[in-house]
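> 3D model of this:
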Amino acid sequence: MQYLSLFNTAKLSSLVNTREGEVKLGQVVQLADASLNLSANLAHAKANGARFVIIGIGEDIGPRANLGRGGADDAFDSAMAQFLNLQSNRFLSGEQCLVLGQVDTQDLQLPANASPESLRNKVEQLDLRVIELLTAVFSAGLEPIVIGGGHNNAYGLLMAAKAGLKRPIAAVNLDPHSDFRPKEGRHSGNGFSYAAASGALGYYHVLGLHELKNSEATLEQLKVFGGHWHSLQQIWVRRELSVETAVKNISDALNNTQLPVAIELDLDAITNMPSSASTAAGVPLLDALFYVSYVAKHCPTAYLHLAEAAPSCHVAGAAAGYRETGQSISELIYAYISGRINAL
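Numbering: from 1, shown residues only. Below is the predicted model:
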């Protein structure tokens with residue numbers, strides 16, 4: 001594929017710290033072979049035990065096109081620096097994972113003073129790359145774990161899942177924003193509304209929606225589509241129901257659709273997570289891990305998408321953000337993989 005930068009052995013070696021008597025995930029995971037095309041690499045990995053394909057989309061043009069701040073372009077490397085140094089053991093050996101690489105976005109980047117219109121044009125170009133790559137992954141019978149980039153990439157993922165799985169997708173999204181804003185040009189705030197209009201999104205539930213961070217027009221548009229939500233205030237502020245009850249009810253509703261399920265998570269939902277729109281009043285990381293783990297275990301899940309992490313936006317600086325964000329994402333990856341391996 002033209003716009004795919006493979007994760008190679010040199011990159012792996014630069015991130016993994018080996019220790020005598022231990023085996024790290026990075027010493028066991030599968031990598032793509034540069035001499036093979038994408039389809040051959042996916043088939044080879046699957047034949048050798050791979051089930052999950054880890055992919056990065058290093059860009060912040062989607063959030064910037066939504067008039068937000070940048071920084072969501074280096075989450076993948078921060079995640080791999082932590083995830084690949086976890087232990088390979090009886091709980092996860094590692095060969096189930098193909099670390100494929102990143103969608104190449106260098107030619108799409110624009111300067112800080114770029115207009116929203118020019119950024120939105122670039123997001124449309126990025127959509128095509130995401131759809132092409134992810135359609136191949138779904139068609140190969142593998143499950144993507146995608147580390148963003150902006151939440152604009154939900155559109156490309158849903159379109160690819162529909163193309164590869166031949167069915168609309170039911171999505172659940174842990175996010176203070178519904179990302180169901182009007183179709184005003186592509187950006188991080190309307191990936192799901194574009195997917196709904198295209199027929200790729202068959203059912204949609206937002207968990208942790210902030211009651212005052214979504215316009216009335218957006219809420220009405222979501223209602224007309226038939227979307228559902230549990231708000232942040234219902235669960236974590238007013239305590240009208242527990243997170244366990246909410247996630248169980250959502251999973252039951254997802255299963256009732258009889259559609260493949262997408263697990264979406266905007267990292268800005270998590271308290272003080274370095275992200276394009278970080279929040280002081282958010283969801284605890286452990287609750288986010290529970291959400292991912294439970295849905296992955298109890299629903300016919302097609303993929304996990306972790307969007308909007310921006311390590312460079314950490315209040316203590318990029319180095320602290322790189323470490324903290326990487327640790328959080330690596331825990332979310334493992335929660336998903338463990339849930340899928342132990343699926344009911």
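
> wouldn't Ala170 be in contact with Asn256 here?
No - between Ala170 and Asn256 there is no contact under CB atoms under 8 Å: 9.2 Å. Bear in mind the C-beta positions are built from the backbone N, C-alpha and C, glycine included.

> more crowded one of those two?
Neighbour comparison, Ala170 and Asn256: the larger count goes to Ala170, with 24 against 10 (by other CB atoms under 10 Å).

> Run through who's touching the helix or strand harbouring the more buried one.
Counting by DSSP states H and E, the element that carries Ala170 is strand 169-174. Contact with strand 169-174 is made by 154, 158, 161-162, 179, 192, 195, 200-208, 250, 254, 257, 259-266, 269, 283, 288, 291, 295, 302, as judged by CB atoms under 8 Å, 6 or more residues apart in numbering.

> Check stretch 26-39 too.
1, 4, 6-9, 12, 15-16, 18, 40-41, 44-45, 48-50, 84-85, 88, 93-95, 97-101, 133, 136, 140.

> so how far is Val283 from Gly62?
Separation of Gly62 from Val283 (CB to CB, to the nearest Å): 22 Å.

> hang on, the earlier thing: chain center to the strand holding Ala170, what's the gap?
11 Å (CA atoms, centre = their mean, to the nearest Å).

> What pairs with it, parallel or antiparallel?
strand 201-209 (parallel), strand 261-266 (parallel) (DSSP bridges).

> could these be laid out in CSV, adding mean pLDDT and distance to Phe225?
Formatted as CSV, those follow (pLDDT from 0 to 100; distance: least, CB to CB, whole Å):
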stretch, mean pLDDT, distance to Phe225
strand 201-209, 98, 7
strand 261-266, 98, 16
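
> Pick the most buried one from those strands.
Looking across these with neighbours counted as mean count of other CB atoms under 10 Å, the highest average goes to strand 261-266: a mean of 27.

> Determine the set of other helices and strands touching the helix or strand following that one.
Reading on from strand 261-266 to the C-terminus, the next helix or strand found by DSSP H and E is helix 285-298. Packed against helix 285-298 by the contact rule (3 or more CB pairs under 8 Å, 6 or more residues apart in numbering; DSSP states H and E) you find strand 169-174, helix 243-257, strand 261-266, strand 301-307, helix 318-341.

> Go again with 7 Å.
Packing partners of helix 285-298 (3 or more CB pairs under 7 Å, 6 or more residues apart in numbering; DSSP states H and E): strand 169-174, helix 243-257, strand 261-266, helix 318-341.

> Flag every buried residue along that helix.
Buried residues in helix 285-298, counting neighbours by 16 or more other CB atoms under 10 Å, are found at 285, 287-298.

> Farthest-apart pair in these, please.
Leu285 and His298 (20.5 Å; CB to CB).

> tally of neighbours for the nearest residue to Glu117 once chain neighbours are set aside?
Among residues not flanking Glu117 along the chain, Gly185 sits closest, at 6.8 Å (CB to CB, 6 or more residues apart in numbering). By the criterion of other CB under 10 Å, Gly185 has 16 neighbours.

> and the gap between Gly185 and Ser78?
Applying CB to CB to Gly185 and Ser78 gives a distance of 29 Å.

> ok, now Gly321?
8 Å.

> likewise Asn85?
12 Å.

> Closest to the centroid, which residue in the chain?
For the chain, the residue sitting closest to the mean C-alpha position, by CA atoms, centre = their mean, is His305 at 1.7 Å.

> ok, back up a step: including distance to Leu31, could the strands paired with strand 169-174 go into TSV?
TSV is the format used below for those (distance: least, CB to CB, whole Å):
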stretch	distance to Leu31
strand 201-209	33
strand 261-266	25
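
> Report the contact partners of the closest residue to Gly208 other than its chain neighbours.
Spatial nearest neighbour of Gly208, chain neighbours left out: Leu232 (4.7 Å); criterion: CB to CB, 6+ apart. Contacts for Leu232 (CB atoms under 7 Å, 6 or more residues apart in numbering) come out as 176, 208-210.

> Looking at the residues you listed, point me to the pair that's furthest apart.
Farthest apart among the contacts of Leu232 by CB to CB are Gly208 and His210. That separation is 7.4 Å.

> overlap in contacts of these two?
Common neighbours of Gly208 and His210 (CB under 7 Å, 6+ apart) are 176, 232.

> Now do the SS call for Pro111.
Here Pro111 is recorded as coil under DSSP: H, G, I helix; E, B strand; the rest coil.
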